[in-house]
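predicted coordinates and the sequence they were generated for:
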Amino acid sequence: MANAIRALAMDAVQQADSGHPGMPMGMADVATVLFSKFLKFDPTDPHWPDRDRFILSAGHGSMLLYSLLYLTGYADMTLDELKHFRQLGSRTAGHPEYGHASGIETTTGPLGQGLGNSVGFAFTERSLRQRFGPEIVDHFTYVITGDGCQMEGIGQEAVTLAGHLGLGRLIVLYDDNGISIDGPTSLSTSEDHKKRFAAAGWHVQSVDGLDPEAVTRAIRKARNVTDKPSLIACKTIIGFGAPTKAGTAATHGSPLGKDEIAGAREKLGWTAPPFEIPEPIFTAWRKVGARGKSARRKWVKRHAEMNADDRAEFDRRLKGDLPAAVGETVAAFKAKIAAEKPSWATRKSSQEVLEVINPVLPDTVGGSADLTGSNNTKTATLKPATAQDPGGRYVYYGIREHAMAAAMNGMALHGGVIPYGGTFLVFTDYCRPSIRLAALMGVRVIYVMTHDSIGLGEDGPTHQPVEHLAALRAIPNLQVLRPADAIETAECWQVALESKKTPSVIALTRQNLPTIRGAGDDNLCARGAYLLAGEANASIRLIASGSEVQLALGARELLAKDGLNAAVVSMPSWELFVQQSDSYRQEVMGGDGTVRIACEAAGGFGWERWLGSKGEFVGMKTFGASAKASDLFKHFGITAEAIAAAARRLAQQ
């Protein structure tokens, strides 16, 4: 059965003339044991909520996963798909792509990401089991990692976080083959990964990964460890079976070649032609695929017997729908703010929004990368999640921004929770690979990114984001939301929560901002940009986001004294504005010839898209400096006076 995986991996990579045959060949025995004896799944219902999750963190070995999906009978993973490995339009991309085929739980390829995701998967299983009981939620998370996942920094962050949280149903199968692209791993590392995991609080075993009985015993033992995650270091030979290339880097990322494949077939005793599986072996694999059908049917019966309210709540959360109370709560909050008109930093506004949302939306799981008091991400009703209290909804991630973002992806992919996590906007640099993958996969993850400009003040240019908004806006399918006051903050939170297939960055200030808007019934931020002040026929548009909207309002007053008619556009989200009709965009931005001045306390890259033929940007052109926020805005020329001056100059041309 393992040799069927090896043969399919060799054949598909050879036909594609591209790919990574070595890892699937080395880990074929481990995967066969896992799928045939332990993994709980049913290919006829691939989204069964209580299935075990299998994550291929070493995503370059994607043919291992694709072979398993085909052999066990997933309907959309056909033999034809394997024959079109790495070809345009196929389900079998070079690295596993979430959504391309059933059974692919997450997109992996950037090494360590799957390991980071697995922390979120295992956390969510435990959280939902605490809420709905083991009769409904009772599954494991299995991960295959390689040496690259161990070396990546995100891997260490994920390992220590999982150990600290005591995620006992997380089992990592480490392909310990001692080979990376450059050659033996001894060229670049000499650490003992097993001791490193043990030091982080993991249960650790070592086995011969080519001995199915030893692997069976190790997995069985790991499943019985309930208070800590488990590492099983599986000593394997990369490219096992290849007569001259096995155990070398030559099998890692290149086809073996026809002669080497012929030799491997002979050595493995595999006589079937390419892409053909002998009937007895194929039948044995399909029986493995049918093994979970009984468990799923029993689960369906238990699900039907649940208390009606609990069943409805479980189903709602797994679908990702929001309760009606969320919209009602946001509307009431906006009305309250419109009446009281507080001057809050938008990070404070965000916390106040969460204070009313979290009690009516039990799906949320909050957290921060050691900046809870600065990001304002914890609310009164959220208890910390710990090894002792798995029902907590707030994660103290520690200074692990990369693992935090990857774990939140895993939470969102598992389903049943809506994760949000905070750090400073400048540290999206430490989260960016995971943010990008969230956008690529289309999952609802919310990044609460505070201290969003030079307005953070004295911490200086190392902590003051300049290029970050532009860099985030460059990521497809990512919503960047930068609210201007408490009402816009509430609307941006509503947008983020309602966006099932889009992650959102909410960029928030450290400095206080006045309330500049009334409540209204509509979510104006959902349109990306809107006329905040002035008329649609005004000849000047002053466009801004976040903390600079108040400056645009001040500039409008200055221009009015000169008899110049300006309208202020608040633009919290470029991405949402692009989705509006041409007529709406023209109404907001004005027609050709309209003077447009954009202002943002950030780099101007990308703003030319909105400035038209008579436009100018007022913002940052260098890195920031260490000083009080009020002094910095004047020093860098980001003022109402500067906006007004630019508008006057262009209006006179």
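Nice, thanks for sending it over. Keep in mind that this is a model prediction, so the values were computed, not measured.

packing partners for the helix or strand hosting Met449?
Using DSSP states H and E, Met449 maps to strand 446-450. Judged by 3 or more C-beta pairs under 8 Å, 6 or more residues apart in numbering; DSSP states H and E, strand 446-450 is in contact with helix 346-357, helix 372-375, strand 418-424, helix 428-441, strand 504-507. For every residue, glycine as well, the C-beta is placed using N, CA and C.

which positions in that strand come out as buried?
If you call a residue buried by 16 or more other C-beta atoms under 10 Å, then strand 446-450 has these buried ones: 446-450.

also stretch 471-485?
For stretch 471-485, using 16+ other C-beta under 10 Å, the buried residues are 471-473, 475, 477-485.

what would those look like in TSV with distance to Gly590, pLDDT and secondary structure?
Formatted as TSV, the buried residues of stretch 471-485 follow (distance: C-beta to C-beta, whole Å; pLDDT from 0 to 100; DSSP: H, G, I helix; E, B strand; the rest coil):
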residue	distance to Gly590	pLDDT	secondary structure
Ala471	28	98	helix
Leu472	27	98	helix
Arg473	22	98	helix
Ile475	28	98	coil
Asn477	28	98	coil
Leu478	27	98	coil
Gln479	25	98	strand
Val480	23	99	strand
Leu481	23	99	strand
Arg482	21	99	coil
Pro483	23	98	coil
Ala484	20	98	coil
Asp485	24	98	coil
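
need the max-distance pair from these.
Asn477 and Asp485 (26.9 Å; C-beta to C-beta).

Serialize the helices and strands packed on strand 446-450 to JSON lines and add fields for mean pLDDT.
Formatted as JSON lines, the helices and strands packed on strand 446-450 follow (pLDDT from 0 to 100):
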{"stretch": "helix 346-357", "mean pLDDT": "98"}
{"stretch": "helix 372-375", "mean pLDDT": "98"}
{"stretch": "strand 418-424", "mean pLDDT": "98"}
{"stretch": "helix 428-441", "mean pLDDT": "98"}
{"stretch": "strand 504-507", "mean pLDDT": "99"}
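
return the list of helices and strands in contact with the lengthiest helix in the chain.
Identified as the longest helix of the chain according to DSSP state H is helix 113-132. Secondary-structure packing of helix 113-132 (3+ C-beta pairs under 8 Å, 6+ apart): strand 53-56, strand 141-145, helix 153-165, strand 170-176, helix 308-319, strand 364-368, helix 401-414, helix 428-441.

what is the neighbour count of Met632?
No Met there; residue 632 is Leu. 23 (other C-beta atoms under 10 Å).

list the contacts for it?
Neighbouring residues of Leu632 by C-beta atoms under 8 Å, 6 or more residues apart in numbering: 454-455, 457, 624-625.

same deal with Ala233?
By C-beta under 8 Å, 6+ apart, the contact set of Ala233 is 174, 176, 193-194, 204-207.

of those, buried ones?
Buried members of the contacts of Ala233, counted by 16+ other C-beta under 10 Å: 174, 176, 193-194, 204-205, 207.

which pair in those residues has the greatest spatial separation?
Pairwise distances among the buried ones among the contacts of Ala233 were taken by C-beta to C-beta; the largest, 14.2 Å, belongs to His193 and Val207.

could you dump the helices and strands packed on strand 446-450 to JSON lines with mean neighbour count and distance to Asp321?
Converted to JSON lines, these look like this (neighbours: other C-beta atoms under 10 Å; distance: least, C-beta to C-beta, whole Å):
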{"stretch": "helix 346-357", "mean neighbour count": "23", "distance to Asp321": "15"}
{"stretch": "helix 372-375", "mean neighbour count": "17", "distance to Asp321": "27"}
{"stretch": "strand 418-424", "mean neighbour count": "27", "distance to Asp321": "11"}
{"stretch": "helix 428-441", "mean neighbour count": "21", "distance to Asp321": "19"}
{"stretch": "strand 504-507", "mean neighbour count": "28", "distance to Asp321": "17"}
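
among those, which is nearest Pro255?
Among the helices and strands packed on strand 446-450, the nearest to Pro255 by C-beta to C-beta is helix 428-441 (26.7 Å).

could I get the helices and strands packed on strand 446-450 as CSV with distance to Asp29?
Output for the helices and strands packed on strand 446-450, formatted as CSV (distance: least, C-beta to C-beta, whole Å):
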stretch, distance to Asp29
helix 346-357, 48
helix 372-375, 45
strand 418-424, 35
helix 428-441, 30
strand 504-507, 43
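
His95: which of the ones you listed is closest?
The nearest among the helices and strands packed on strand 446-450, by C-beta to C-beta, is helix 428-441 at 10.8 Å.

which one of the buried ones among the contacts of Ala233 is nearest Thr386?
Nearest to Thr386 among those: Val204, at 22.2 Å, using C-beta to C-beta.

can you list phi and psi of that closest one for me?
phi -130, psi 130 (degrees, to the nearest 10).

in stretch 522-536, what's buried?
Those would be 523-534, for stretch 522-536 by 16+ other C-beta under 10 Å.

list buried residues within the contacts of Leu632.
Buried members of these, counted by 16+ other C-beta under 10 Å: 454-455, 457, 624.

tell me the one of those residues nearest Gln586?
For those, the nearest to Gln586 is Gly455 (31.7 Å; C-beta to C-beta).

against Ala407, how distant is the closest one?
Applying C-beta to C-beta, to the nearest Å, the value for Gly455 to Ala407 is 29 Å.

for the closest residue to Gly367 other than its chain neighbours, helix, strand, or coil?
Leaving aside its chain neighbours, Gly367 sits nearest to Val395 (3.6 Å; criterion: C-beta to C-beta, 6 or more residues apart in numbering). Here Val395 is strand, with the state taken from DSSP: H, G, I helix; E, B strand; the rest coil.

run a quick neighbour tally on Val395.
For Val395, the neighbour count with other C-beta under 10 Å is 27.

pull out the buried positions in stretch 558-568.
558-559, 564, 566-568.

I'd like to know how far the residue nearest to Val119 when sequence neighbours are not counted sits from Val448.
Excluding the flanking residues, the one nearest Val119 by C-beta to C-beta, 6+ apart is Ala407, at 4.3 Å. Taking C-beta to C-beta as the measure, Ala407 falls 15 Å from Val448.

report the secondary structure state of Val568.
Secondary structure assignment for Val568 (three-state DSSP): strand.

pretty sure it sits against Leu532.
Yes: the pair Val568 / Leu532 is scored as a contact, 4.7 Å apart, by C-beta atoms under 8 Å.

what residues do these two have in common as contacts?
Shared contacts of Val568 and Leu532, defined by C-beta under 8 Å, 6+ apart, comprise 549, 553.

can you give me the strands in the stretch 201-350 of the chain?
Along the stretch 201-350 of the chain, the stretches classed as strands by DSSP state E, counting those that start in this stretch are 203-208, 230-235, 344-345.

could you dump those strands to CSV with distance to Gly146?
Converted to CSV, those look like this (distance: least, C-beta to C-beta, whole Å):
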stretch, distance to Gly146
strand 203-208, 16
strand 230-235, 10
strand 344-345, 44
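
compare those strands and give me the one nearest Trp48.
Closest among these, using C-beta to C-beta: strand 230-235, at 23.6 Å.

restrict that closest one to CA atoms and write it as PDB.
Listed next in PDB are the C-alpha coordinates belonging to strand 230-235 (Å, rounded to 0.1, in the frame of the first residue of the first chain):
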ATOM      1  CA  SER A 230       3.200  14.900  20.800                       C
ATOM      2  CA  LEU A 231       6.200  14.700  18.400                       C
ATOM      3  CA  ILE A 232       7.000  11.500  16.700                       C
ATOM      4  CA  ALA A 233      10.400  11.800  15.000                       C
ATOM      5  CA  CYS A 234      10.200   9.300  12.100                       C
ATOM      6  CA  LYS A 235      13.700   8.400  10.800                       C
END
